[in-house]
Every structure is written in structure tokens, then in C-alpha cells.
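>>> got a predicted structure here, sequence first:
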Amino acid sequence: TLSVGKELYSMLSRIYPDKQIMLTRDDDYFLSLSQRTEKANTVKLEENEAILFVSVHANSAFDTSANGYEVWYLSPGYRRNVLIDTSADKELQPILNSMMEEEFTTESILIAKYIDDGLSKQIGSLTPSRGIKEEEWFVCKNAKMPSVLVEMGFVSNTKEAELLLDENYLHKVALGIYNGLTAFVTHFETSRGFTGTP
């Protein structure tokens, strides 16, 4: 996951030199799930800026035949407090929070779809897509922004464990996620009439 994250960071930094691309870690050490989302949630945004959170994982299952990649987003029915600025009227806060949550859910589903498509083109011939799915994973429900969790294969599956040790495969995974994210950013900026440098 670190190898994929670092390569993804490098590719995104090259194409978006004016955007802030961050890693939760850049070396082989452990960060708790709460440390990861806290790092994301403390990023300060200026007016008209947006943020998204992508968590890259390797999967595992008791069933050693389980294989494939999948992209998860937060269940649309789950409600979190995503408002950071709480200066709004107390009666208005729940409405604003609900509207923002709906927007984050829609964007998370789109990000998941674009990443799934990107991975399909890069590694779909090597391992199957298990699709985009919804769940209340910690990193998705605690990141106060559009967020997805990418499972790039099963370490419990012998064939996929070998793929996850292959630098070429990991490059393809990073490229698939990258292509998905750039497709989403293009869609996001186009749909909002963005025409200049952020």
C-alpha cells in the first residue's frame, strides 16, 4: 500500500502542481485509522477549495479463494457531522449539514466509480472487479469530506499475494487509481464551470 500511495502521490503532484496532494504516511510505519482521518480533517481549505480522501488497502479473508479489487464508499444512510464551520444558525445547521452530506455521498460514489473503471482498465485482465460497495468503514465515516477506501487485492489469496509483490502490478494499481481520480477531478471542475488554475 505504501508503494502504491507514494507512486500515486508522485503522479498526482506532477499533473496538479497547484493542488495540495498529501500522504498520511511516507515511510513504513503504522498510523491508526483515527490518526489518518484526523490528518485529513485538519487540512484548512480556502474559499472555493475542495478536498477528498482516498484510503488504499490490501484485503484479506478467511476464504482463500476470495480475490479481486473493490472500492468502498460510505453508506448513504449513515449520517455524520461534516460541518466544520459551526457559526451557522443552530436551526439551520442540521439542514446545511444534511445538504453537505448528500453532496459528499454523491461525490464519493462518483470517485468510487471512476477508480473502479480506472482499475478495470489497468488490472482487470489480472484480477476481477468486485465492484463498488457501501459500508461504514472507519476512514470513510470519520473523514469530513468525500472519501473512498480502495482494496487492491487479497493477501490471503496465493495468486493475488504474488501480484501484490510485483512492482509492475503495483504500478498498474497506482495508475488505475490515478486515472480514476483525474477523471473525477475533470468531471468535478467541469460541472462547476471551473476554467482556471486553482
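Done, it's in.
>>> state the pLDDT value of Glu151.
In this model, Glu151 is scored at 98, pLDDT.
>>> list phi and psi for it.
phi -100, psi 110 (degrees, to the nearest 10).
>>> in this structure it contacts His57, no?
Yes. Counting by C-beta atoms under 8 Å, His57 is a contact partner of Glu151 at 5.2 Å. (Glycine included, C-beta is placed from N, CA and C.)
>>> what is the burial count for the nearest residue to Pro76 once chain neighbours are set aside?
Nearest non-adjacent residue to Pro76, counting by C-beta to C-beta, 6 or more residues apart in numbering: Thr105, 4.9 Å away. Neighbours of Thr105 under the rule other C-beta atoms under 10 Å: 19.
>>> what's the helix or strand for Thr105?
According to DSSP states H and E, Thr105 maps onto helix 93-123.
>>> which strands or helices does that helix pack on?
Counting contacts by 3 or more C-beta pairs under 8 Å, 6 or more residues apart in numbering; DSSP states H and E, helix 93-123 is packed against strand 69-74, strand 129-135, strand 147-154, helix 167-191.
>>> for Ile21, find the nearest of those.
helix 167-191 (10.0 Å; C-beta to C-beta).
>>> need the CA coordinates for stretch 5-19. CSV is fine.
Included here for stretch 5-19 are C-alpha records, laid out as CSV according to Å, rounded to 0.1, in the frame of the first residue of the first chain:
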residue,chain,number,x,y,z
GLY,A,5,0.4,5.5,-2.2
LYS,A,6,3.8,7.0,-2.9
GLU,A,7,3.6,6.5,-6.7
LEU,A,8,0.1,7.9,-6.7
TYR,A,9,1.3,10.9,-4.8
SER,A,10,4.1,11.4,-7.3
MET,A,11,1.8,11.2,-10.3
LEU,A,12,-0.8,13.5,-8.9
SER,A,13,1.8,16.0,-7.8
ARG,A,14,3.1,16.2,-11.3
ILE,A,15,-0.2,16.7,-13.0
TYR,A,16,-1.6,19.0,-10.3
PRO,A,17,1.4,21.2,-9.2
ASP,A,18,-1.0,23.8,-7.9
LYS,A,19,-3.1,21.4,-5.8
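>>> buried stuff in that stretch?
Within stretch 5-19, the residues that count as buried by 16 or more other C-beta atoms under 10 Å are Gly5, Glu7, Leu8, Tyr9, Met11, Leu12.
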